[in-house]
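Peer 1: Based on what follows, work out the 3D shape:
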Amino acid sequence: MIDSKDRIISRANPRVKALGKIKDFPSAESFLIEGKHLCDMAYEQGCLLEVYSLEEAPYPDVKNVLVNRDVLTKIAYSPSPSGMVGVARYLPNKPRGEKILFLDRVQDPGNVGTLLRTALSFGYKEVILAQGSANPFSPKVIAASQGAIFSLNVSITNDPLTTLAALKGKGYQVYGSALRNAVPLSSMGKGEKPFVLILGNEGQGVDTKLLEVCSRVVKIEMEGIESLNVGVAGGILMYRL
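Peer 2: Residues are numbered from 1 along each chain as shown. Okay, the predicted model is just below:
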């Protein structure tokens with residue numbers, strides 16, 4: 001049963017204002033997720049803190065607050081929200097795998113979310129984002145990732161060179177992607193594990209300083225156009241390697 005105190009019918013409620021701050025400034029400690037699918041995934045990983053819903057939610061050990069449609073629309077990030085919005089946290093320290101995806105200033109939230117989802121699909125257990133990439137806990141990234149973030153180790157680094165050097169010191173090969181001074185992807189076999197794959201900024205690509213520390217730089221052979229969207233290119237590279 002939900003206590004009568006756990007009901008909100010006014011946009012002016014202080015808790016609605018507090019949720020607005022989480023919505024505007026998402027972080028690993030608290031961010032919003034929308035819809036039962038994402039709430040289910042967060043719940044399964046122990047990441048679901050609260051649920052604000054039109055009807056009672058199926059999470060017995062998670063605080064559930066009933067709201068009306070007006071309040072739900074206020075706290076949600078999409079114009080026509082489904083029946084629930086959750087407050088989630090991110091829990092790291094999942095097992096580190098033999099394949100790591102490294103995003104160098106990938107700025108579009110849709111691209112970052114797509115790459116997180118693709119990474120999980122192809123067995124990459126860890127994703128590292130260089131400072132300047134889209135916030136991995138923002139609503140658009142979470143939605144595009146389809147909840148993949150809850151099953152990955154995701155971290156942000158302010159010092160990409162030091163981070164990559166540390167991984168190389170642990171035996172990781174580092175593969176970068178670039179259009180020039182690179183070997184064709186078709187000439188490579190599978191990546192030598194363990195390895196890191198670096199994908200770069202939508203307009204500038206991978207920073208030249210990061211390319212200099214790569215074990216190998218690869219390119220996808222193309223015809224009729226110079227470059228691919230980073231989400232598409234990342235999917236091809238992750239699958240091939």
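Peer 1: Tell me the helices and strands packed up against the helix or strand hosting residue 118.
Peer 2: Assigned by DSSP states H and E, residue 118 belongs to helix 109-121. Using 3 or more C-beta pairs under 8 Å, 6 or more residues apart in numbering; DSSP states H and E, the elements in contact with helix 109-121 are strand 99-104, strand 126-130, helix 139-145, helix 230-240. Placement of C-beta: from N, CA and C, glycine included.
Peer 1: Buried ones in that helix, by neighbour count?
Peer 2: Buried residues in helix 109-121, counted by 16 or more other C-beta atoms under 10 Å: 109, 111, 112, 113, 114, 115, 116, 117, 118, 119, 120.
Peer 1: quick one: contacts for the closest residue to the last one other than its chain neighbours?
Peer 2: Meaning residue 120. Of all residues not flanking residue 120 in the chain, residue 148 sits nearest, at 4.2 Å (C-beta to C-beta, 6 or more residues apart in numbering). For residue 148, the contacting residues are 116, 117, 119, 120, 121, by C-beta atoms under 8 Å, 6 or more residues apart in numbering.
Peer 1: Just flag the most distant two among the residues you listed.
Peer 2: The span of the contacts of residue 148, defined through C-beta to C-beta, is set by 116 and 121 at 9.8 Å.
Peer 1: Can you check which of the helices and strands packed on helix 109-121 gets nearest to residue 159?
Peer 2: strand 126-130 (8.9 Å).
Peer 1: by how many degrees do that closest one and helix 109-121 diverge?
Peer 2: Taking axes from the mean of the first three to the mean of the last three C-alpha atoms, to 10 degrees, strand 126-130 and helix 109-121 form an angle of 150 degrees between their directions.
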